[in-house]
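Colleague: Could you look at this predicted model? Sequence included:
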Amino acid sequence: MKKLSATLRRQEIGLFGVIIVLTLIFSLFNSHFLTSQNGAFILQSVAVIGIMAIGEVFVLIAGEIDLSVGSVLGLTSAMGAWLMSQGVDPWLAVVLTLVFGCVIGLIQGSIIVYGKVSSFIVTLGTLSVGRGLTEIVTGGGLPISLSPSVLVIGQGVVWGYLRWSAVIFVLVCILGQFVLSRSVFGSRVTAVGDNVEAARLGGIPAGRTRVLVFVISGCLAAVAGLVYATQSGYAEGNAGNGNELFVIAAVVIGGASLAGGRGSAVGALLGAILLGALQNAFVLLHLSPFLQQLSIGVVIIAAALFDQVRQGSFALPRWLRGRNSRASVVTPDPPDAPVPASGSSASTS
Amino acid sequence: MGEELLSGDHVAVLSVRGVSKSFAANRALSDVSIELKAGKITAILGENGAGKSTIIRIASGEIQPDTGTIFLDGEEAHLRSPVDAMRRGIFVVHQEPQLVNEMTIAENIFIDELGERPFFSSWRKQALVRRAVELLEGLHMSELLPDPRRHCRDISAAERQLVDIVRALGRDPKVLFLDEPNSSLSRQETDRLFAVVRGMAERGAAIALVSHRFAEVYELADNIVILRDGMRVASGTVAGLPAEVAIKQMAGEKRRSSPSAGQEASVLGRGSDAPPADRTAGRIAIRLENCSGPGFSDVSLEVRAGEILGMAGLVGSGRTEIALAMIGATRIETGVIEVAGVRGAMHSPEAALRAGIAFISEERRTGLFYSQDIKFNMSVNVLGKFARVGVIRRRLQEAAMQKLADQLGVRAESIDAPIKSLSGGNQQKVLLARALASNPDVLILDEPTRGVDVTTKREMYATLRELAATRQLAVWFISSDLEEVLELADRIVIVRDGRIANNFEGGPDAGEVVAAALGERFTAPAAIAHSNNPEES
């Protein structure tokens, strides 16, 4: 019972509820919204943002930030396309693109950790560097066509309406969640983000862990770059422009803390889906695109506020408190008698 | 309520009546009433988790009680926030000093004024420094806290605590809560603090003191209130409630029948009292020879397997710096280090851990992962033990951590509870558990029992002695608590000005030597008297 109420209080569950409710509301206005075709479409359209968000969640949990993901997306996809245009085997080019993303992350992480520069500054810098390099590779932003044999990544159909890009997104999320919650590395990321000094003095390889989260972020930005380019069939100079804001928004909506130590890949996936569903609904309902931008901003702030309330950072007004605190009422208060906590009494008496 | 007010000679300045408070499903306080009278010092005693900190947080406006009322000067008062409480003259010296690291000592002392002054008034740093110097001189604390222009990020744990104390004392409070104000202070600094506190009481302030050092409580307090499991179980004057009775009241029924609290902790194996001679004969676990580094120079010492080395010294003497260099957190510039006979300095705490050296740092804020649960905090640096190809096997991890938590008597609902829900002493036990989880050969503890109650301290001492005796663990602890050094250490090292000033066997005569060594630069003859403290009777 206690476990259940703890689960229900998680941000992911709240987010899932919000998505369900919004889906029901939207489907009232447009019967096309709640179809498996549209569902698959939303999943595939958020795949690019979502894959980057999985990488970003590692960075945020480690207490850092990566502003360069959109720019790395543009650069890696341009590099991949250029390699293919130079006659490199297309699948080898795909592998090289992923390695290239890792190397970018490695360089950024090393500067941040060993050069002791804040990740905000370094990734802001590489955002600009990446854009410049992309312009050079694409010869001023001209699109480069990809080899048709790799287009299956973005356009290939798995079954029915389901595309490979959506499957890649979900697989990356599952793998990311597994690493975060079940692996030694995931725990180290959490420790470093929660209290880097305690982690270091406690014998955790803090520096190496912090570098690795940027490698993961760079690698997943490259994956996103490949998905993006193969969806359209060519790499273009301004691909991923401004994406970092949506990526960070998705992660924060998913319950990650910008202060580090907290976040989940499943949350990031749901955050990305919520953003995608909103965008999709505005198109289907023929609403103003200005309203769309506005509502996305509202969602970001509301998610952050909800997170604070959930953690009990400030008291709710009385009329709201009754309903919201139901989860904690489930666990009965201990009787008034001084019953010592079970852990200690069992051992000391 | 009228009769209660008239019953004593002194008027209750602050009284807390029938206060209850729960955190989620944890009952922290139930129906507790406490009266603080003008001119009196009231000690609030209790084990870790008894509710002492909670009652202070309520009485200073930091949190709101679920039920119950607070009366200030006989009138009901709603303390909306700490600022509100300060405006009414209620101040708190926290167990963990809350300072702005990027500001100077002087700015931190007067930081409350930032909240009270009009928006456009000036905040002149030079004037603040001058006022800080004057204030420190008035309190006779200038030599304890020299140069108020230093930044708080650069000062030691003891100096941080002094800044927090001076900040409260400087406001001439009507009600003052001292939550283990001297847990990282030397005897000499503590004496100075207590003299000031006594003077404030004489001028009519109501003072509440939380401390785990019984000698101090009986030296300073007029009245005693004892809390246990969130309830008030006893109260009275110092004369009416001798230490023996107080300890029993704090511990409660479950321990009253057993002969000694220390024996109960003997869960790790057989009894602990091996003669000291056996222990000093062990092989050398750590050897430092003529080591110099940031904050210390020409340090030579040895710690043998099975030995407990106590490192005592005044604040800022370089004790912590030596330990940090030993585990590779800072660099050793010159000198030789040997670990288990192998030469070579540690280049990181991670390498030290792998070489079998576990470390617990001085301040909990540099040791704990505050947003995580107990289990995470206990096992985070040894997860590799429970993992196969990097994937944690949770059952193994949970079983091992549960066992360790039980052995050390961590008081919590479960090991899945957040670390924040534990009291300071229990958090300290979690840190000890983490250090032991790595199964070390050498354990380095910097102020291991800061903010830990008497019973828990004894349990921790017994655990350490036992580990030294049965597993040949080499223990090196740093402490500014004279009683602790004398009680626990087989051998004592005195650090002064970054050098080893003295190195000798522990024993009945050690007290005088340590006290003399600690007090040589200052006058602290009182320290000797405190070594025979009432709690041992």
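Modeller: It's in. Numbering: from 1, shown residues only, chains lettered A, B, ... in the order given.
Colleague: What is the subsequent helix or strand relative to the strand or helix carrying residue A:136?
Modeller: In the assignment (DSSP states H and E), residue A:136 maps to helix A:119-137. Next in sequence after helix A:119-137, counting helices and strands by DSSP H and E, comes strand A:144-145.
Colleague: all strands of chain A, in order?
Modeller: Counting by DSSP state E, chain A has strands at residues A:144-145, A:157-159, A:162-163, A:234-235.
Colleague: List of residues touching the first one?
Modeller: Around strand A:144-145, the neighbours that count as contacts under C-beta atoms under 8 Å, 6 or more residues apart in numbering or on different chains are A:78, A:81, A:82, A:84, A:85, A:138, A:233, A:234, A:235, A:236. Every residue, glycine included, has its C-beta placed from N, CA and C.
Colleague: quick one: that strand to chain centroid distance?
Modeller: 28 Å (C-alpha atoms, centre = their mean, to the nearest Å).
Colleague: isn't residue B:161 right up against residue B:182?
Modeller: Yes: contact criterion C-beta atoms under 8 Å: residue B:161 and residue B:182 qualify, at 7.4 Å.
Colleague: ok, now which ones touch residue B:19?
Modeller: B:29, B:31, B:32, B:33, B:55, B:58, B:65, B:67, B:68, B:69, B:70.
Colleague: Make a markdown table from those and add neighbour count and secondary structure to it.
Modeller: Converted to a markdown table, the contacts of residue B:19 look like this (neighbours: other C-beta atoms under 10 Å in any protein chain shown; DSSP: H, G, I helix; E, B strand; the rest coil):
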| residue | neighbour count | secondary structure |
| --- | --- | --- |
| B:29 | 27 | strand |
| B:31 | 14 | strand |
| B:32 | 24 | strand |
| B:33 | 16 | strand |
| B:55 | 28 | helix |
| B:58 | 24 | helix |
| B:65 | 21 | coil |
| B:67 | 13 | strand |
| B:68 | 17 | strand |
| B:69 | 15 | strand |
| B:70 | 22 | strand |
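Colleague: quick one: which of those residues is nearest chain A?
Modeller: Distance ranking of these against chain A, using C-beta to the nearest C-beta, places residue B:31 first at 8.5 Å.
Colleague: Quick check: the closest one touching residue B:66?
Modeller: No: taking contacts as C-beta under 8 Å, residue B:31 lies outside contact range of residue B:66: 10.7 Å.
Colleague: residues shared between the contacts of these two?
Modeller: Common neighbours of residue B:31 and residue B:66, using C-beta under 8 Å, 6+ apart, are residue B:20.
Colleague: mind checking how far whatever residue of the stretch 401-537 of chain B ends up closest to chain A is from residue B:308?
Modeller: At 3.9 Å from chain A, residue B:406 is the closest residue in the stretch 401-537 of chain B, using C-beta to the nearest C-beta. Using C-beta to C-beta, to the nearest Å, one gets 24 Å for the distance from residue B:406 to residue B:308.
Colleague: who has more neighbours, the two?
Modeller: residue B:308 (27 against 18; other C-beta atoms under 10 Å in any protein chain shown).
Colleague: dump the residue contacts of the closest residue to that one other than its chain neighbours.
Modeller: Spatial nearest neighbour of residue B:308, chain neighbours left out: residue B:475 (4.4 Å); criterion: C-beta to C-beta, 6 or more residues apart in numbering or on different chains. Residues in contact with residue B:475 (C-beta under 8 Å, 6+ apart) are B:303, B:307, B:308, B:309, B:442, B:443, B:445, B:464, B:467, B:468.
Colleague: What residues are bridge-paired with residue B:475?
Modeller: residue B:308, residue B:443 (DSSP bridges).
Colleague: Check the gap between it and residue B:359 for me.
Modeller: Per C-beta to C-beta, residue B:475 is found 12 Å from residue B:359.
Colleague: which neighbours do these two share?
Modeller: Common neighbours of residue B:475 and residue B:359 (C-beta under 8 Å, 6+ apart) are B:443, B:445.
Colleague: show me what contacts the nearest residue to residue B:353 once chain neighbours are set aside?
Modeller: Of all residues not flanking residue B:353 in the chain, residue A:203 sits nearest, at 3.1 Å (C-beta to C-beta, 6+ apart). The contact partners of residue A:203, taken as C-beta under 8 Å, 6+ apart, are B:349, B:350, B:352, B:353, B:354, B:358, B:359, B:381, B:438.
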